[in-house]
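Colleague: Below are the sequence and a predicted model; questions follow.
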Amino acid sequence: DAGVTQSPTHLIKTRGQQVTLRCSPKSGHDTVSWYQQALGQGPQFIFQYYEEEERQRGNFPDRFSGHQFPNYSSELNVNALLLGDSALYLCASSLGRGQRYEKLFFGSGTQLSVL
Amino acid sequence: GIQVEQSPPDLILQEGANSTLRCNFSDSVNNLQWFHQNPWGQLINLFYIPSGTKQNGRLSATTVATERYSLLYISSSQTTDSGVYFCAVGTGFQKLVFGTGTRLLVSP
């Protein structure tokens, strides 16, 4: 049973560029959440997708956008990259089914460096 | 928004020692989870425990929701327990607010 998979594992970009990160949820899960973890900090919630729609969003600018596909996989897009966007980006999957509280399972993350 | 504080921020143990990690939160929550982040960055879910007590091997957790705190107990610590332990709480649709973590180092 495959867990949550993310790609790529590492990425280097320059300021102003755009980036797309990908996530496949754990088998049987239908909800994907994205978190940003800066060095030495706890993860911060970016947004969550359920039934191909953004269900909830954290305090992140519109430069951060996402998408969920019919197979429940998801993409995180960041436009006009800033140096401060350098971080570990984590994808978490869970069962939505309209239930509010579920155990989250995380992928290994994508380490993004913006130069 | 809800605030999550964890203590201690850093902890150094000898292998075999026991420890207690604490998580305080500022408001009522319906979701509380403990995670271990290993040195390679992988976040492992240890417990989903909005209230009550649970045990899994050498680890156990207790949440007293009415007093807004949770405790994670690690017994007979091993070097593989090293890493950062996060408490995360939520109030709706599975969005979690993470604490700043407790960094644990277990030496042989």
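Modeller: All right, it came through fine.
Colleague: Quick one, grab the pLDDT at whatever residue of chain B ends up closest to chain A.
Modeller: Evaluated by C-beta to the nearest C-beta, chain B has B:F98 as its residue closest to chain A, separated by 3.3 Å. The C-beta positions use only the backbone N, C-alpha and C, and glycine is treated the same way. Per-residue pLDDT puts B:F98 at 96.
Colleague: A:Y101 now?
Modeller: The pLDDT attached to A:Y101 in the predicted structure is 63.
Colleague: Which residues of chain B lie near chain A?
Modeller: By the rule C-beta under 8 Å from any C-beta of the partner chain, the part of chain B lying against chain A is B:4, B:30-31, B:33, B:35, B:40-45, B:48, B:50, B:86, B:88, B:90, B:92-101.
Colleague: Are any of these buried, and if so which?
Modeller: By the neighbour-count criterion of 16 or more other C-beta atoms under 10 Å in any protein chain shown, the residues of chain B next to chain A include these buried positions: B:4, B:31, B:33, B:35, B:41-43, B:45, B:50, B:86, B:88, B:90, B:93-101.
Colleague: Just checking the distance from whichever strand or helix holds A:Y49 to the centre of its chain.
Modeller: When secondary structure is defined using DSSP states H and E, the element that contains A:Y49 is strand A:44-50. Here the centre of strand A:44-50 is set off from its chain's centre by 7 Å, with C-alpha atoms, centre = their mean, to the nearest Å.
Colleague: what is the orientation angle of whatever helix or strand comes next after it with strand A:44-50?
Modeller: Toward the C-terminal end, the helix or strand that comes next after strand A:44-50 (DSSP H and E) is strand A:53-57. Inter-element angle recorded for strand A:53-57 and strand A:44-50: 150 degrees (by axes from the mean of the first three to the mean of the last three C-alpha atoms, to 10 degrees).
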